[in-house]
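1. sequence first, then the predicted structure, then my questions.
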Amino acid sequence: SYPTSLHIEEISTSIVRSHRETTQYRPEELQALRWKVFSREEIHAYQSKSVDEMWQHCAVRLTDAVQYVVEFAKRIPGFRQLCQNDQIALLKSGSMEVVLVRMSRMFNTENNTVFFDGKFAGTELFKSLACSDLIAAVFDFAHNLCALRLTEQQMAVFTALVLINADRPCLEDRERVQKVRRDVELALSHILHRDNQESLLHKLYQRVPVLKSLCALHIEKLRWFRQLYPLTVHSLFPPLYKELFG
Ligand SMILES: COc1ccc2c(n1)CCN(C(C)=O)[C@H]2C(=O)Nc1ccc(OCc2ccccc2OC)cc1
């Protein structure tokens, strides 16, 4: 049955509510924080960490963000009705993508800093990770998306669309995922039409391949790191991080 416009309104409202309930920092809180940057001494302390210490530190922080994305996914209409295998497959391939999209809300384009450990950090703070290409790509992506100035509602429905993707690997019931995705696509068109910003749709879809390559780079770097420090990953990385990205 073709979804009625009332049904699409309900889907949009439900996704926006889920987003609001699962973002740990509200936009106004971030506004207050955005000029809280690290001192030279603090930056030097991070740069003096060993590679494995800094990787573990970042994995723990990112897992904080990922947990909220898992909660968001569970509240997307139709997600819970998918089989367990498909819910996990969508989260394995999509949760870091959503963290990176959401990261653009915690990015300050004026001084090119991102929220990290309570303050805003520039790329130089992450030097000891020994993967400056990944960090540069993360910052570039966040900068470009931040420049689109998405509203919370547009962000909410776009991140739902990033997660509900029937082309992901290892899905058992693609048809079912496609049905859920169709409603989310209609919700995004509805919201952009209502905001008189249909031009954003094309720009958002253009960012999806970059997002995929960014996540592939993250997995590649994690593999490189795990070869060097297997015990750190095995015993000190958060289980959720290992389960989703390992
Ligand atoms: C929803 O959006 C957000 C955005 C940011 C944060 C949060 N939520 C809440 C949790 N959080 C805290 C507690 O600091 C923030 C965070 O994790 N920041 C952060 C972590 C790592 C970074 O670069 C390293 C890196 C990047 C990509 C892949 C692997 C990486 O390293 C191995 C940069 C920033």
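-> That came in fine, so what should we check first?

2. so what does residue 37 have for phi and psi?
-> phi -110, psi 160 (degrees, to the nearest 10).

3. let me redo that: residue 150
-> Backbone geometry at residue 150, expressed as degrees, to the nearest 10, gives phi -60, psi 140.

4. the chain should start at 57 in everything you say after this.
-> Fine by me, first position is 57 from now on; the one you just mentioned is residue 206.

5. I'd say it and residue 253 touch.
-> No: the pair residue 206 / residue 253 is not scored as a contact, 9.2 Å apart, by C-beta atoms under 8 Å. (Glycine included, C-beta is placed from N, CA and C.)

6. tell me the confidence at the closest residue to residue 160 other than its chain neighbours?
-> Of all residues not flanking residue 160 in the chain, residue 201 sits nearest, at 3.8 Å (C-beta to C-beta, 6 or more residues apart in numbering). Residue 201 carries a pLDDT value of 97.

7. start from the N-terminal end of this structure and give the helices.
-> For the chain, applying DSSP state H gives helices covering 61-77, 83-89, 96-103, 107-130, 140-159, 188-203, 208-219, 230-250, 255-284, 286-292, 295-301.

8. any idea of the angle the first one forms with helix 140-159?
-> What separates the directions of helix 61-77 and helix 140-159 is an angle of 70 degrees, with axes from the mean of the first three to the mean of the last three C-alpha atoms, to 10 degrees.

9. hmm, back to that, okay, residue 206 and residue 253: which has more neighbours?
-> Taking neighbours as other C-beta atoms under 10 Å, residue 206 and residue 253 compare with residue 206 leading, 22 against 16.

10. excluding its backbone neighbours, what's nearest the more buried one?
-> Residue 206's closest residue in space is residue 214 (C-beta to C-beta, 6+ apart), at 6.7 Å.

11. so who does that neighbour touch?
-> Residues in contact with residue 214 (C-beta atoms under 8 Å, 6 or more residues apart in numbering) are 157, 206, 244, 260.

12. OK, contacts around the residue nearest the centre of the chain?
-> Nearest to the geometric centre of the chain sits residue 155, at 1.6 Å (C-alpha atoms, centre = their mean). Applying C-beta under 8 Å, 6+ apart to residue 155 gives the contacts 118, 121-122, 125.

13. now with 10 Å, please.
-> Shown in contact with residue 155 (C-beta atoms under 10 Å, 6 or more residues apart in numbering): 118-122, 124-125, 194, 215, 271, 274.

14. residues near residue 130, how many?
-> 13.

15. enumerate the residues of the chain near the ligand.
-> Contact residues (C-beta under 6 Å from any ligand atom) of the chain with the ligand: 111, 114-115, 117-118, 120-121, 155, 158-159, 162, 170-173, 182, 185, 191, 194, 274.

16. got a list of contacts for the helix or strand bottoming out on mean pLDDT in the chain?
-> For the chain, counting by mean pLDDT, DSSP states H and E, helix 83-89 ranks last in confidence among helices and strands (a mean of 86). For helix 83-89, contacts defined as C-beta under 10 Å, 6+ apart pick out 79, 81-82, 161-164, 171, 174-176, 207-208, 211.

17. where's residue 294 relative to residue 119, distance?
-> For residue 294, the distance to residue 119 equals 4 Å [C-beta to C-beta, to the nearest Å].

18. overlap in contacts of those two?
-> residue 300.

19. now do the contacts for residue 131.
-> 70-71, 73-75, 77-78, 216.

20. whoops, residue 221 was the one
-> For residue 221, the contact set (C-beta under 10 Å, 6+ apart) comprises 145-146, 149-150, 153, 227, 230, 233-234, 237, 240, 264, 268.
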